[in-house]
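Student: Need coordinates for the below:
(one chain, ligands or ions: 1)
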Amino acid sequence: MAGVLEKFPMLIDGKAAEPSTGAWFESFNPYTGQPWALVARGARADADRAVEAAHKAFTTGEWPKLNATQRGALLFKLADLIAAHAAELGAMEVRDNGKLLAEMGAQMRYVPQWYRYFGGLADKVEGAVIPIDKPSTLTYTRPEPLGVCVAIAPWNSPLLLTSWKLAPALAAGNTMVVKPSEFTSTSISLFMKLVEQAGFPPGVINVVTGFGAEVGMALVEHPRVAKVAFTGSEATGSKVAEAAGRRLIPATLELGGKSPNIVFADANLDVAAKGVVAGIFAATGQTCIAGSRLLVEEKIHNAFVDKVLALARTARMGDPMDLGTHVGPVATQPQLEKVLKYLEIAKGEGAKPMIGGGRASRPECGTGWFVEPTIFTGVHNKMRIAQEEVFGPVLSVIPFKDDDQAVEIANDVLYGLASGIWTSNLGRAHRIAARLQAGSVWINTYRSVAPMAPFGGYKRSGLGRENGMETIRNYLQTKCVWVDMSDDFPSPFTMRI
Ligand code: NAD
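Tutor: The predicted structure is shown next:
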């Protein structure tokens, strides 16, 4: 079997790189449950090679000679190339993570905007002349890149989430080593061909593939790495932060969530029901911002749940490449097992599955890793199903009495990534938005992201922000330059104030 699988090597210093271990691992198609590719199993020696290549590109050759406008122009070229290859890139990601072509295609058509936004920002980040309190002195700041930055990505939106890191880091003048998820390591190979075509010098972006503990941690621990940008689970994020802390380098962390969609009786309930269903069943619930808790005002509980159930029952499952499919498979076998385990935990806690509740056996699901879209009622916020991230198509419905109780339940989790509010009362919408502990709050909509809108987590959902103008500062450090213009130096034994 292995002999017929396409091979995906690493990409270091502009060249395909075989793994130092000589080992390869299989990448599976979640729709068939079968392997379709072989990916290089990188190790510490490969992390070293990649970081050294990135360091060489940061300090020598063409890249450090480019001015910010020229770097921006390269990002624009890359954006155009990604746009031209969006369909192929999206299809590769579907083969690896089983998300819908409709979703991944749209994502890949949108990804160029990150390179355009940050490409445009590259030459607009200014230092300052400081109004200094000393005579004959000019004091100014220079924003300077950090050096080699590492991007570690999860499997659910591989190139989108990698781009959230690459675009600002490159605009700022850094070089990069990217470590994709071991489950979705293939689309970056086509992406890297586009990087080369755009004209980036070799070594500006390098890719190592493999497992987190073997090659991901080796990157974080590498003495030449100046910053880590991580997206993934809370458990891994805290290991990465610990290792970065030991090395005294900054780490931005985008982690998990247990986000509430809060529906008030005065909402447009038909619109809210669509938002709730999209929030949890899109991407088979495998998004960090999945609206996995439906908080619904007590007096409309039954009527609203009926609306959501009716919509959820129309979800067509099947081949993610088919544009008519609504819900695809779960991306990985361990994830399938985890979701099924949580279904049993929820039932054991007394939650009632109104639909779903188990593995999908519909004929159109074939041998794939499918879970039935599931809606539990009878959930109390203290249950594990309401507190822990499932990362699958599983919605927990929790009633509330009034605004205060809605906010209390919404905030009563360790996470704080996102929240949705559905109401026609403008004052209430803004009052509740201000009280929610969440990095993103959507009012009468859900799951919107954009390159110019800051994104990130409160509490255990993360550290720092991605997207938005300030993000470029994550990849810069400030140098302060002092010039004495007096041609004089008073007593060397007296401090000048
Ligand atoms: P994960 O933490 O298992 O893996 C993420 C990445 O970290 C992978 O590339 C993995 O190889 C690497 N890794 C694993 N162990 C490592 C280690 N010891 N050192 C360094 N790197 C290591 O997460 P996942 O299962 O790929 O992704 C799902 C999680 O990601 C969910 O919790 C989800 O909520 C979160 N997520 C967050 C966001 C966000 O923006 N907040 C977006 C998408 C996904």
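Student: got the residues of the stretch 251-400 of the chain near the ligand?
Tutor: Glu254, Leu255, Gly256, Gly257, Cys288, Glu389, Phe391 (C-beta under 6 Å from any ligand atom). Every residue, glycine included, has its C-beta placed from N, CA and C.
Student: change it to 5 Å
Tutor: Glu254, Gly256, Cys288 (C-beta under 5 Å from any ligand atom).
Student: For the residue nearest to the last one when sequence neighbours are not counted, which three-state class applies?
Tutor: The one in question is Cys288. The shortest distance from Cys288 to any non-neighbouring residue, by C-beta to C-beta, 6 or more residues apart in numbering, is to Gly257 (5.2 Å). The three-state label given to Gly257 by DSSP: H, G, I helix; E, B strand; the rest coil is coil.
Student: so where is the stretch 301-450 of the chain shaky, pLDDT-wise?
Tutor: Under the criterion pLDDT under 70, no range of the stretch 301-450 of the chain is flagged.
Student: just to revisit the earlier point, what would the residues of the stretch 251-400 of the chain next to the ligand look like in CSV with neighbour count and pLDDT?
Tutor: Output for these, formatted as CSV (neighbours: other C-beta atoms under 10 Å; pLDDT from 0 to 100):
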residue, neighbour count, pLDDT
Glu254, 27, 98
Gly256, 25, 96
Cys288, 25, 96
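Student: The residue nearest to Cys288 contacts Gly420, doesn't it?
Tutor: No: at 11.8 Å, Gly257 does not count as touching Gly420 under the criterion of C-beta atoms under 8 Å.
Student: which residues does the residue in the chain positioned nearest to the ligand contact?
Tutor: Residue nearest to the ligand within the chain (C-beta to the nearest ligand atom): Gly212, separated by 2.0 Å. Applying C-beta atoms under 8 Å, 6 or more residues apart in numbering, we find Gly212 in contact with Ile152, Lys179, Glu182, Thr236.
Student: quick one: it from Phe183, how far?
Tutor: 11 Å (C-beta to C-beta, to the nearest Å).
Student: And for Ala406?
Tutor: Look at Ala406 and Phe183: by C-beta to C-beta, they are 36 Å apart.
Student: Which residue of those two possesses the greater neighbour count?
Tutor: Neighbour count, other C-beta atoms under 10 Å: between Ala406 and Phe183, Ala406 has more, with 25 against 21.
Student: Now do the contacts for the closest residue to that one other than its chain neighbours.
Tutor: Nearest non-adjacent residue to Ala406, counting by C-beta to C-beta, 6+ apart: Phe400, 4.4 Å away. With contact taken as C-beta under 8 Å, 6+ apart, Phe400 is in contact with Ile262, Leu295, Val296, Glu297, Glu298, Ala406, Ile409.
Student: Which strand residues bridge Phe400?
Tutor: Beta bridges link Phe400 to Glu297, judged by DSSP bridges.
Student: Just give the number of residues close to the residue nearest to Val379 when sequence neighbours are not counted.
Tutor: Using C-beta to C-beta, 6+ apart and skipping the chain neighbours, the partner closest in space to Val379 is Ser396 (4.1 Å). Under the neighbour criterion other C-beta under 10 Å, Ser396 is assigned a count of 26.
Student: for Ser396, helix, strand, or coil?
Tutor: Assignment for Ser396 (three-state DSSP): strand.
Student: on that earlier part again, which one of Gly257 and Gly420 is surrounded by more residues?
Tutor: Between Gly257 and Gly420, counting by other C-beta under 10 Å, Gly257 is the more crowded of the two (32 against 29).
Student: Surely Gly203 and Arg49 touch.
Tutor: No: the pair Gly203 / Arg49 is not scored as a contact, 10.5 Å apart, by C-beta under 8 Å.
Student: who's more crowded, these two?
Tutor: Set side by side, Gly203 and Arg49 show more neighbours around Gly203, with 26 against 19, by other C-beta under 10 Å.
Student: how close does the residue nearest to Ala406 sit to Ala84?
Tutor: Relative to Ala84, and taking C-beta to C-beta, Phe400 is found at 48 Å.
Student: do the same with Ala43
Tutor: Noted for Ala43: a distance of 35 Å to Ala84, by C-beta to C-beta.
Student: which of those two has more neighbours?
Tutor: Ala43 (18 against 12).
Student: three-state assignment of the nearest residue to that one once chain neighbours are set aside?
Tutor: Take Ala43 and drop its neighbours on the chain: the residue closest to it by C-beta to C-beta, 6+ apart is Thr21, 5.0 Å away. State at Thr21, reduced to three classes by three-state DSSP: coil.
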